[in-house]
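Student: Got a sequence here, can you model it:
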Amino acid sequence: MPTVRVRYFAMLRDRRLPEGEEDFEAPEGWSVADIYTAMFPPGPEGALPIAYAVNQIYVRSNHVPLEDDEVAFIPPVGGG
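Tutor: As a prediction, this is how the structure comes out:
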């Protein structure tokens, strides 16, 4: 099982840990979307649409990270 460093921001940090990062031991073959769903299960309103990055490069949801990769979950940002 590869261990990856997961970083998350804004409302995701509020839902999980104030540090905004932690190590996650992912089963072999898990994608970044699988890791996200395990860490942030969808609520009654569904899953939050987010972007995924691995080692600071945006990736698709089916990307499978490797040992020691940095995975980031980036929630939508608002403005006005």
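Student: now Thr37: how far from Phe73?
Tutor: Separation of Thr37 from Phe73 (C-beta to C-beta, to the nearest Å): 11 Å. Every residue, glycine included, has its C-beta placed from N, CA and C.
Student: More neighbours: those two, which one.
Tutor: Phe73 (23 against 14; other C-beta atoms under 10 Å).
Student: Tell me the helices and strands packed up against the lowest-mean-pLDDT helix or strand in the chain.
Tutor: Taking mean pLDDT, DSSP states H and E as the measure, the chain has helix 11-15 as its least confident helix or strand, at a mean of 87. Packing partners of helix 11-15 (3 or more C-beta pairs under 8 Å, 6 or more residues apart in numbering; DSSP states H and E): none among the helices and strands.
Student: List the buried residues in whichever helix or strand comes after that helix.
Tutor: On the C-terminal side of helix 11-15, the closest following helix or strand by DSSP states H and E is strand 21-25. Under the neighbour-count criterion of 16 or more other C-beta atoms under 10 Å, strand 21-25 has 21, 24 buried.
Student: In its sheet, which strands sit next to strand 21-25, and in what direction?
Tutor: strand 3-8 (antiparallel) (DSSP bridges).
Student: Can you list the buried residues in the strand it pairs with?
Tutor: Neighbour counts over strand 3-8 (16+ other C-beta under 10 Å) mark 4, 6-8 as buried.
Student: Parallel or antiparallel, which strands does the one helix or strand Val71 maps to pair with?
Tutor: Using DSSP H and E, Val71 sits in strand 70-74. Using DSSP bridges, strand 70-74 pairs in its sheet with strand 3-8 (parallel), strand 51-54 (antiparallel).
Student: contacting residues around the longest one?
Tutor: Contacts with strand 3-8, where a contact means C-beta atoms under 8 Å, 6 or more residues apart in numbering, come from 16, 20-26, 35, 39-40, 65-73, 75.
Student: just the buried members of those?
Tutor: Buried among the contacts of strand 3-8 (16+ other C-beta under 10 Å): 16, 21, 24, 26, 35, 39-40, 65, 69, 71-73, 75.
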